[in-house]
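A.B. asks: predicted coordinates and the sequence they were generated for:
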Amino acid sequence: MPVYTKLFGAFFAAFCLLWLAADALKEKKKIRVKEWLLLAGSLVFYAYGSVRFLPVLCYVIAVTYLAGLWLGGAGSLTEHAGEAGADERMPAGQKRRLAVSVTLILLPLALMKYGLYGARAAGLTDRPYLIPLGISFFSLQALTYLVSVAKGKLRARKDPLTVAVFLCFFPVISSGPILRAEEMFPQLEECGDGTGFDYDRVTEGLRRWGFGLFQKLVLADSIAMYVQGVRMDVGAAYGTANLAASLLYSFQIYLDFAGYSNIAIGCAQILGYRVPENFDHPYLSRTVTEFWRRWHMSLSSFLRDYVYIPLGGSRVDKNAKIYRNLLLTFLVSGIWHGAGLTFIIWGLLHGAALCLERAARTAGRTAHAGKAAHAGGTVRTFLFVTFAWIFFAAKDTAQALSIIASFGKIPGELFGLLPALIASDGAVYARREILMLGADPHPVRTMVLLLCFAACSIVTGKSGRSGFAIVKEKNAAVRWTLYFLLISAVLFFSASVSVNFIYNQF
């Protein structure tokens, strides 16, 4: 049940009616009923999209619950609960129990995402490559719970209902943001902020939802029509078209994923829950290091806290070990995103970039402050990230290398079409031909809307404030004009064909 469809809108509206009806109950009963409502709604949502994989979700819930009791002594905190460095003093037996628990949680992910890929690559099976919806996301959420319990930062829950709701919370189950157990369990046990219906909170959630729909349906899907049209036959595509598609894919994946995140955050906010932000103007980053502080923040913070720091992080005594830790962390990131060499290359490219940037800082070769230096860093970072996305988006390394090789044809293509470009009667045709604009029925509209979005993003990014906060301060006439334009854009300028969320495949 994609969250950008009318079906999800009807589902969520019906769910909200039941949610509001539960407010009439007494406090303790209300909390319990709402927990059951969340579980039932989440299972219906998940089953609609992938009923065959519902047993996998149930397995992860059961293992997480039982392993939590095993690690936490059925609800008792360890003697070092909440202290810094508690994990370093974790007894050897507790570490072994945690290792077994983590292995059991990751087993379905390893078998169904990577085992099947390996079997297909070896020619052992021709079964279609299907993985459970959201398995990479709810598996990581399970790990945050188990690690927190093992370290004594969170008590193991005796009630399986709360654990189940945490793992299958429907606004985020398919593509995040990745929830942290320490942040989410207190909210689940109090039914969000505990205020019931709050007009300001609900309307803010609706605005967030509407903006997410705009990002997804109007911008990302319109760009996807062009990108997919060019990528259908990379070998026959002009190098200029491949370059344009590669640049636009950077915006497609950002708007697609940020759109989903805004819808998820908005839905959770309507219900009274706070889930983490996932994006903060990532393409305004001046370095790749900064990019990863702004891109998919719930994953990057997870990798920092659960992979990089346990490996030793930056606390090791040699730079070589720091570089090793960075490369291993981004190797894990690549493997998490998907099975295949392309994802590994993508992860290692980012890891190598962070190593080079750290080496430059250590050597005192960082760029001087100034508008020109900042702008140059932003452009350089965007181009590197775009280059890495080529491997991420390609079906295999051969396609990625073919796209990169085609860039060498661009000077010849431009020179060959120069006469047509100069001639007034052939200029339009030549531009459409070399860019393969026939793949997008409304290229001018798409580019105008994308440029408007980019301009607004630069303004909000430079101000250090969210666009939602800026709009909220405007007078009613301005606010409602902007809301009307947003709704109109979604109604009239949405792409003719909806495209599945890119991160749903992970």
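C.D. replies: Nice, thanks for sending it over. Residues are numbered from 1 along each chain as shown.

A.B. asks: distance of N242 from V230?
C.D. replies: Distance, N242 to V230, using C-beta to C-beta, to the nearest Å: 6 Å. All C-beta spots, glycine's among them, are computed from the backbone N, C-alpha and C.

A.B. asks: ok, for A245, nearest residue in space, not its chain neighbours?
C.D. replies: Spatially, and ignoring its direct neighbours in sequence, A245 is nearest to V230 (4.0 Å; C-beta to C-beta, 6 or more residues apart in numbering).

A.B. asks: does that neighbour belong to a helix or a strand, and which?
C.D. replies: Under the criterion of DSSP states H and E, V230 resides in helix 221-231.

A.B. asks: cool, and Q94?
C.D. replies: Using DSSP H and E, Q94 sits in helix 92-109.

A.B. asks: restrict that helix to CA atoms and write it as PDB.
C.D. replies: The C-alpha trace of helix 92-109 is given here as PDB (Å, rounded to 0.1, in the frame of the first residue of the first chain):
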ATOM      1  CA  ALA A  92      31.800 -11.700  28.100                       C
ATOM      2  CA  GLY A  93      28.700 -13.800  28.600                       C
ATOM      3  CA  GLN A  94      26.500 -10.900  27.800                       C
ATOM      4  CA  LYS A  95      28.500 -10.100  24.700                       C
ATOM      5  CA  ARG A  96      28.000 -13.700  23.500                       C
ATOM      6  CA  ARG A  97      24.300 -13.500  24.100                       C
ATOM      7  CA  LEU A  98      24.100 -10.300  22.200                       C
ATOM      8  CA  ALA A  99      26.100 -11.800  19.300                       C
ATOM      9  CA  VAL A 100      23.700 -14.800  19.100                       C
ATOM     10  CA  SER A 101      20.700 -12.500  19.300                       C
ATOM     11  CA  VAL A 102      22.000 -10.200  16.500                       C
ATOM     12  CA  THR A 103      22.800 -13.300  14.300                       C
ATOM     13  CA  LEU A 104      19.200 -14.600  14.700                       C
ATOM     14  CA  ILE A 105      17.800 -11.100  13.900                       C
ATOM     15  CA  LEU A 106      19.900 -10.800  10.700                       C
ATOM     16  CA  LEU A 107      19.500 -14.400   9.600                       C
ATOM     17  CA  PRO A 108      16.300 -13.700   7.400                       C
ATOM     18  CA  LEU A 109      18.000 -10.600   5.900                       C
END
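
A.B. asks: so what does it touch, helix or strand wise?
C.D. replies: In terms of contacts (3 or more C-beta pairs under 8 Å, 6 or more residues apart in numbering; DSSP states H and E), helix 92-109 is packed against helix 54-72, helix 135-151.

A.B. asks: can you put the ones you listed in CSV and add distance to T125?
C.D. replies: What follows is the helices and strands packed on helix 92-109, written out as CSV (distance: least, C-beta to C-beta, whole Å):
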stretch, distance to T125
helix 54-72, 18
helix 135-151, 19
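
A.B. asks: hey, which of those helices is tucked in deepest?
C.D. replies: Among those, helix 135-151 has the highest mean neighbour count (mean count of other C-beta atoms under 10 Å), at a mean of 24.

A.B. asks: quick check: angle from that helix to helix 92-109?
C.D. replies: 170 degrees (axes from the mean of the first three to the mean of the last three C-alpha atoms, to 10 degrees).

A.B. asks: and for the closest residue to L54 other than its chain neighbours, the neighbour number?
C.D. replies: Leaving aside its chain neighbours, L54 sits nearest to A47 (5.3 Å; criterion: C-beta to C-beta, 6+ apart). Residues lying near A47 (other C-beta atoms under 10 Å) number 15.

A.B. asks: and if you look at R445?
C.D. replies: For R445, the neighbour count with other C-beta under 10 Å is 13.

A.B. asks: test my guess that it contacts F492.
C.D. replies: No. Using C-beta atoms under 8 Å, R445 makes no contact with F492, being 10.3 Å away.

A.B. asks: so what secondary structure elements neighbour the host helix or strand of G212?
C.D. replies: G212 is part of helix 199-213 when elements are defined by DSSP H and E. On a contact count with 3+ C-beta pairs under 8 Å, 6+ apart, helix 199-213 meets helix 239-271, helix 467-472, helix 476-492.

A.B. asks: show me which parts of the last one are buried, residue by residue.
C.D. replies: Under the neighbour-count criterion of 16 or more other C-beta atoms under 10 Å, helix 476-492 has L486, A489, V490 buried.

A.B. asks: what mean pLDDT does the helix holding G212 get?
C.D. replies: Mean pLDDT, helix 199-213: 92.

A.B. asks: who's in contact with the nearest residue to P177 once chain neighbours are set aside?
C.D. replies: In this structure, P177 finds its nearest non-sequential neighbour in S298, 4.0 Å apart by C-beta to C-beta, 6+ apart. Contacts for S298 (C-beta atoms under 8 Å, 6 or more residues apart in numbering) come out as G176, P177, I178, L179, P276, E277, N278.

A.B. asks: again, only using 7 Å
C.D. replies: By C-beta atoms under 7 Å, 6 or more residues apart in numbering, S298 lies in contact with G176, P177, I178, P276, N278.

A.B. asks: neighbour-wise, which of those leads?
C.D. replies: For the contacts of S298, neighbours tallied by other C-beta under 10 Å; top is G176, 28 neighbours.

A.B. asks: now do the SS call for it.
C.D. replies: For G176, the assignment made with DSSP: H, G, I helix; E, B strand; the rest coil gives coil.

A.B. asks: that one contacts F138, correct?
C.D. replies: No. Applying C-beta atoms under 7 Å, one finds G176 not in contact with F138, separated by 9.6 Å.

A.B. asks: identify the contacts common to the two.
C.D. replies: What both G176 and F138 touch, as defined by C-beta under 7 Å, 6+ apart, is an empty set.

A.B. asks: what about T362, how many residues nearby?
C.D. replies: 11.

A.B. asks: same check on D233?
C.D. replies: Counted by other C-beta under 10 Å, the residues lying close to D233 total 9.

A.B. asks: kindly report the same for E204.
C.D. replies: Neighbours of E204 under the rule other C-beta under 10 Å: 17.

A.B. asks: isn't V332 right next to Y306, touching?
C.D. replies: No. Proximity of V332 to Y306 does not meet the contact threshold set by C-beta under 7 Å, at 9.4 Å.
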